[in-house]
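Undergrad: Just need the structure, nothing else, for what follows:
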Amino acid sequence: MKRNKWFFLTWTVVVAALVLAGCMNSANQTKDDPQVSMQPSASAGMNNTGDVGSSDMAGVEGSGAATRFDWGNNAAQVETAINNLSEISQSRVVVTGTTALVAVKYDPQYKGETTERIREMVAGAVREADPTIQTVAVTSEEEDVNDVFEISDKIRGGQSADDLAEDINRIVRNATTLR
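TA: Residues are numbered from 1 along each chain as shown. Alright, predicted model coming up:
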């Protein structure tokens with residue numbers, strides 16, 4: 001009888017350990033699951049051929065491999081996430097290489113300027129979608145914002161992002177653009 005009691009106790013401890021190990025594995029898997037992360041959808045970025053602007057890495061479930069983020073088809077959802085910030089009414093995102101340029105138009109009630117806090121919130125939305133982005137530049141300068149909206153419209157119209165990289169980089173380097 002005593003022997004059966006020890007066997008049952010040992011068996012219960014082993015089963016409990018396996019159950020806990022399985023729970024821990026599930027928690028880690030959820031954190032890395034690409035379906036849990038933000039999956040934007042519909043246009044404004046770049047082409048999807050791996051050239052300028054399609055620099056994203058969303059993990060492929062179960063394989064450990066990475067797939068490229070398609071800014072050409074997914075920028076609009078990132079823009080929607082940025083527009084959900086209380087200060088911002090409209091935004092556009094264009095990407096060249098590992099640099100994202102975000103133009104923002106503020107809500108009329110917001111009387112401030114682009115601050116480091118706003119830039120960090122915008123950068124967070126961009127990097128959540130594409131962790132490979134190294135530089136996020138944010139501008140609210142009216143002329144630059146108009147240029148970014150124009151560039152975005154050209155890309156959405158089918159123009160190659162490679163042709164527009166010089167214009168994007170010019171705005172990124174402006175003194176009024178926060179990086």
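Undergrad: And the one helix or strand residue 146 maps to, what's buried?
TA: Here residue 146 sits within helix 142-156, counting by DSSP states H and E. Within helix 142-156, the residues scored as buried using 16 or more other Cβ atoms under 10 Å are 144, 145, 147, 148, 149, 151, 152, 154, 155, 156. Glycine gets a C-beta too; all of them are placed from N, C-alpha and C.
Undergrad: Find the nearest non-adjacent residue to the fourth one, please.
TA: Ranked by Cβ to Cβ, 6 or more residues apart in numbering and with sequence neighbours excluded, the top spatial neighbour of residue 148 is residue 103, at 3.5 Å.
Undergrad: what is that neighbour paired to in the beta sheet?
TA: In this entry, residue 103 is beta-bridged to residue 92, residue 139, by DSSP bridges.
Undergrad: mean confidence score for the helix holding residue 146?
TA: Helix 142-156 carries an average pLDDT of 93.
Undergrad: now stretch 76-96
TA: Stretch 76-96 shows a mean pLDDT of 94 in the predicted model.
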